[in-house]
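**Q** based on what follows, work out the 3D shape:
(2 chains)
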Amino acid sequence: MSRIVIICLLAVVVIFSSCEDVINPKLERAEPVLVVDAWINNLPQTQTIKLTRTQPYFENIVPPAVAGATVTITDENGVVFTFTESNPGEYVWVPSGTDVFGEVGLNYLLIVQVNNETFVAESRMGRVPVVDSITFFKQEGNQFIDDLYQAEFWAKDPPESGDAYWIKFYKNGIPQNKPSEIITAYDAGFSKGGNFSGVEFIPPIRRAINPFDTDENDRLLSPYQVGDSVSVQIHAVTEAAFNFLNEVSIQTNRPGGFGELFSTPLANVSSNIRNTNTNGSKVVGFFNVGAVSGLGRKFNSLDDVTE
Amino acid sequence: MRILLLLLLPSLLFAQSRATLSGYLKDASNGEALIGATIYIKSLSTGATSNVYGFYSLTLDPGTYEVSFSYIGYATQLKTIALTGNIRFDLELMPEGTQLEEVVVSSEKEESGSKSLEMSVNRLDIKTITRIPAFLGEPDLIKSLQQLPGVSTVGEGASGFNVRGGSVGQNLILLDEATVYNSSHLLGFFSVFNPDAVKDTKLYKGAIPAQFGGRIASLLDVRMKEGNNKKHEVNGGIGTIFSRAAVEGPLFDSKGSFIVAGRRSYADILARPFVDLLQDGAALNFYDLTGKANYNINERNRIFISGYTGRDKFFFDKNQGFSWGNNTGTIRWNKIFNDRLFANFSGVFSRYDYSLQFGENERDNFRWNSSVRNITFKPTFSYFVNTNNEISFGAEVNYYSFEPANAYGTSNGTRIDVSLPEKYNLETAFYLGNSQKVSQAIAIEYGLRFSHFAGLGAGSQFIYNDTVPGIRRTPISERTFSQGEKMITYQNLEPRFSIKGQLSEQSSLKASYTRMAQYVHLISNTTASNPLDVWTPSTNNIKPEIGDQYAVGYFHDFGKDNMFEFSVEAYYRSTQNQIDYIDGADLLINQFLEGDLLSGIGRAYGLEFYLQKRVGRFTGWAAYTLARTELKVNGINKGAWYAARYDQTHNLKLSGFYDINKRWSAAANFTFVSGTPATFPTSRFVMQGILIPYNAYDSRNNVRLPAYHRLDVSFRLEGKTVKKNGSPRKNSDYWVFGVYNLYGRRNPFSIYFTQGDERVAAGSPINSEARQLAIIGTFIPSVSYNFKF
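**A** Numbers count the residues shown, from 1 in each chain, chains lettered A, B, ... in the order given. All right, here's what the predicted structure looks like:
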């Protein structure tokens, strides 16, 4: 909720201009920490868990991989899924045939063993509604912006409160994952306290599947043009993962400018991974198992645009 | 309590067989009451000051006295009064001319800083406020306060102000006794007070009299003008942002007067012909309207009615946008029961609300209104026992209604009500205090306020689980209450004490202790408070905030006719039940808001230096504050003390005004503030293709931003006072030319860390950056024209 509100507040102060400089402050040094990136779904494709380490904030290189770990996921019935290292730090489980990972409603335990330490995390595989359709609509241009063709997906949150989702989208097959494109939903709305359940996702969520980029003259580009394709996936997440994603969004989606008036302090995002030895080394990251639904559509012609 | 009565008793007993001199002091040019004017009897070395309604009362042995009536900026009058019985003596003082050659420093000494018992108080009259160089040339009360010692802000554009380590929501802002919940227009760039309608502003940073309570950091008491009761007058101005107009004049044969003042931003009006959006229903404006009227029923009864309405409106089109605003209304009845007992009864209404709406059509939309309102009844009494004692007592009853969300959303035709229940509260307080001159050298003021707060049904109370501090708590049980049922009560005794020891004619030492309780809280976890922040009452989960403040000060006047005023004050403030927030807290439309709140303690201490030159061609002041403000909250910074976002170690403000010649005058402001705290990461990691900052030490506010400094200047040109043919002009006018941030420094508001804006292909390294943001990154010139006729 607050993110939307802040975007609106920002529209208010466009009459002034702020300015920004990229700077290079000196930061405190810190020891690297294990990072577990374990987001598992039931798509019929290779499931990957990445193990890396934190790096100094300004070190603009690929994060160091953690090789030689043992990685397994065990479901509540004792079925073990073993993830084998394919590339350094990348541990994969490949489904055989038409098999997919997991079953909605089951609990899963992740166990990662690295350098004689054991890290564990739990998750429960949540359900997702189907995506009924994708439509295109046109936002009329004005003096300041061109016509913008935008996509909207239609899906209805199942009745009974308590579902949480991470909505991902792809333009021409490329995942759109800027910090500003992290889309989460609790039931059909933004938050647990919001009480939207059992209805169509609310419009700001339905219409969030649009990438807003600018050209070299800072002119806003239409998210989609004739010939583009869009696809959307709804990933079930646990409530803890939903909170985590919102924290990630707060910490990483920094619009800058006057948005800084309404920013919150930098803070570490939560983690559901823990070291079985509480005095052992630190760990960050997240483990989530969720079902996925999806749909894609190509923007064939302007006839696809609905009123 | 008993001690208080014992202290009062002797004064009550000796109050017999004496005579009282009482009355109102007013401005001779417009009939405005003079607040804090001095009545002084040299032969007895005693005196009094007029209260906020201009009333004074002095009880003396019968006799003939030479009495001086004085007020800064006004010609002192000496009157010989034969006091045989009680005498009502109203007097009008003539303001001294504003022209240079007419500046006559009165022969009597003014009631100066070292003489008065007050400490930790700053007054700004509207003349000073309009002379301080202002952002975009708009004189601004709240921004002017920031030139005073002990007052700070998180930065440009931020609403509100911070006093002695208090947060924005810990200031009580009263406009003619009505609570102003949000003091800002356009986020925080301008404040809601129209300078044309304001008469007097007094900021209590500590030593707050027992009459006031409800916030733990400060009290900003803004009093509106009463309106000219001698003649009709129109004031106005055209500025960069606002156009203003004010009309005032007498009513009922000068038995009363009125003032109506309005302002409106007009950028949208100018832009309308060029911007299609504005013709299609988009709006971008803010306005306020202030009015007041008073009527003298007779010598002993006077009534006042005042009101304020203001609104900010931002609409992207006809159906989408938001707005917010304050509405207040005050009815006051001044009653003089007898020459020594002055009473005022106030009935006050105040409401702050905002609304937000989205969705172009009926199938998909969202509407949200939220408000806080209170109705107050406040009887206050001053009993002028004798020249040595002034007892004040009274009560305050506040009924609050909080409406956190009256909201619904429609998604593809299905409408869902997401409203949260209203909350009702009753805050009651009684107080008793005495201001006593113990001897020629020592004066004390002591008082006690008893405050009581009740949460009333219908409503629900939640019990939350215990968890690791800093993690969201979830409700484990709920208890519902029926209409009018008491849900929770809190009460506090709030002692207040001040003492002054006069060291010499020119210098004094003062000390004070103040305890305050705060039952309603501003819920805001962003750097600057925003208009959609909600006010919420104390509940079973949110305890009242308590603040204790100790202050000592040395006050010294010097120079010819005490033209210089110097003070140094030290304060220590400790607070309990300070509200803080978990990371990722969800504060809007959240029925389980309490689960996202944390509670902690605070401490703040500082040293404030203040030097003012009050008269002459060159006037101005220097204010320097050395301070520290820290919080300790379980769940933040590993439970250790950390500096608050508005902690400023060094805070230097210089304000100067210089009359160049008859028509030109200049003013300048300089501000230097050492860097405010910020949290920097140590490391980064990548999760699902997103770069996330990480602080390995889990610390909060571990570094300081670079220092902030800024110079503003303005020049004022008075219009000609005579016409071409030599006859005097009836109207007067002036121009103000100003530049804000003269040397165009890009002062840091914040430094934030982010991944680059570019899209990164899977598997490629992600760039990270630190960006330093300046809210105002350049110099900003302005011009305004003001008139009076």
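**Q** in which helix or strand would I find the closest residue to residue B:394 other than its chain neighbours?
**A** Using Cβ to Cβ, 6 or more residues apart in numbering or on different chains and skipping residues adjacent in sequence, the residue nearest residue B:394 is residue B:380, 3.7 Å away. No exception for glycine: its C-beta is placed from N, CA and C like everyone else's. Secondary structure from DSSP states H and E places residue B:380 in strand B:365-386.
**Q** can I get that strand as PDB, trimmed to CA atoms?
**A** Output of strand B:365-386 as PDB, limited to C-alpha atoms (Å, rounded to 0.1, in the frame of the first residue of the first chain):
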ATOM      1  CA  ASN B 365     -11.700   1.700  -8.300                       C
ATOM      2  CA  PHE B 366     -10.500   2.400  -4.800                       C
ATOM      3  CA  ARG B 367     -11.600   5.100  -2.400                       C
ATOM      4  CA  TRP B 368     -10.100   5.800   0.900                       C
ATOM      5  CA  ASN B 369     -10.800   8.500   3.500                       C
ATOM      6  CA  SER B 370      -9.100   8.800   6.800                       C
ATOM      7  CA  SER B 371      -9.500  11.400   9.600                       C
ATOM      8  CA  VAL B 372      -8.700  12.300  13.100                       C
ATOM      9  CA  ARG B 373     -10.900  14.800  14.900                       C
ATOM     10  CA  ASN B 374     -11.300  16.100  18.400                       C
ATOM     11  CA  ILE B 375     -13.700  18.300  20.200                       C
ATOM     12  CA  THR B 376     -12.300  20.100  23.200                       C
ATOM     13  CA  PHE B 377     -13.700  22.000  26.100                       C
ATOM     14  CA  LYS B 378     -11.200  24.000  28.000                       C
ATOM     15  CA  PRO B 379     -12.000  26.300  30.900                       C
ATOM     16  CA  THR B 380      -9.000  28.200  32.300                       C
ATOM     17  CA  PHE B 381      -8.800  30.600  35.200                       C
ATOM     18  CA  SER B 382      -6.100  33.000  36.300                       C
ATOM     19  CA  TYR B 383      -6.400  34.300  39.800                       C
ATOM     20  CA  PHE B 384      -4.100  37.300  40.400                       C
ATOM     21  CA  VAL B 385      -3.700  36.900  44.200                       C
ATOM     22  CA  ASN B 386      -1.300  39.700  44.700                       C
END
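**Q** gap between whichever helix or strand comes after it and the chain center?
**A** In the C-terminal direction, the helix or strand that comes right after strand B:365-386 (DSSP H and E) is strand B:389-411. Relative to its parent chain, strand B:389-411 has a centroid offset of 18 Å by Cα atoms, centre = their mean, to the nearest Å.
**Q** quick one: mean pLDDT over strand B:389-411.
**A** When pLDDT is averaged over strand B:389-411, the result is 91.
**Q** got it, and stretch B:573-584?
**A** Mean per-residue pLDDT for stretch B:573-584: 91.
**Q** separation between the residue nearest to residue B:394 and chain A?
**A** Relative to chain A, residue B:380 is positioned 38 Å away (Cβ to the nearest Cβ, to the nearest Å).
**Q** contact partners for that residue?
**A** The neighbourhood of residue B:380, defined by Cβ atoms under 8 Å, 6 or more residues apart in numbering or on different chains, consists of B:211, B:343-346, B:392-394.
**Q** where does the stretch 101-250 of chain B have low pLDDT?
**A** Applying pLDDT under 70 to the stretch 101-250 of chain B picks out residues B:101-113.
**Q** for it, what lies in contact range of chain A?
**A** When proximity is defined by Cβ under 8 Å from any Cβ of the partner chain, the stretch 101-250 of chain B lies next to chain A at B:155, B:157-158, B:186-189.
**Q** report the buried members of the contacts of residue B:380.
**A** Burial by neighbour count, 16 or more other Cβ atoms under 10 Å in any protein chain shown: within those this picks out B:211, B:344-346, B:392-394.
**Q** these into TSV, with extra columns for distance to residue B:582?
**A** Shown next, in TSV, are those (distance: Cβ to Cβ, whole Å):
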residue	distance to residue B:582
B:211	37
B:344	44
B:345	45
B:346	40
B:392	43
B:393	43
B:394	41
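**Q** follow-up on the earlier one: list the buried ones in the strand holding residue B:380?
**A** Within strand B:365-386, the residues that qualify as buried are B:365-368, B:370-374, B:376, B:378-386, counting by 16+ other Cβ under 10 Å.
**Q** contacting residues for the closest residue to residue B:365 other than its chain neighbours?
**A** Residue nearest to residue B:365 in three dimensions, not counting chain neighbours: residue B:359, with 2.7 Å by Cβ to Cβ, 6+ apart. Under the criterion of Cβ under 8 Å, 6+ apart, the neighbours of residue B:359 are A:203, B:319-320, B:365-366, B:410.
**Q** number of residues surrounding residue 267?
**A** All of this refers to chain A. Using other Cβ atoms under 10 Å in any protein chain shown, residue A:267 has 23 neighbouring residues.
**Q** wrong one, chain B
**A** 15.
**Q** how far away is the residue nearest the centre of chain B from residue B:570?
**A** Note on chain B: the residue nearest the mean C-alpha position is residue B:220, at 3.3 Å, using Cα atoms, centre = their mean. Here the criterion is Cβ to Cβ, to the nearest Å. By it, residue B:220 lies 22 Å from residue B:570.
**Q** and residue B:553, by the same measure?
**A** Applying Cβ to Cβ, the value for residue B:553 to residue B:570 is 7 Å.
**Q** look at the two and report which has more neighbours.
**A** For residue B:553 and residue B:570, the more surrounded residue by other Cβ under 10 Å is residue B:553, and the numbers stand at 23 against 15.
**Q** pLDDT value on that one, please?
**A** Model confidence at residue B:553, expressed as pLDDT, equals 93.
**Q** please, which helix or strand holds it?
**A** Element membership of residue B:553 [criterion: DSSP H and E] is strand B:545-558.
**Q** centre of the chain to that strand, how far?
**A** Mean-position distance between strand B:545-558 and its chain equals 18 Å (Cα atoms, centre = their mean).
**Q** direction included, what does it pair against?
**A** Strand B:545-558 has the following strand partners under DSSP bridges: strand B:507-518 (antiparallel), strand B:564-581 (antiparallel).
**Q** I am finished for the moment; much appreciated.
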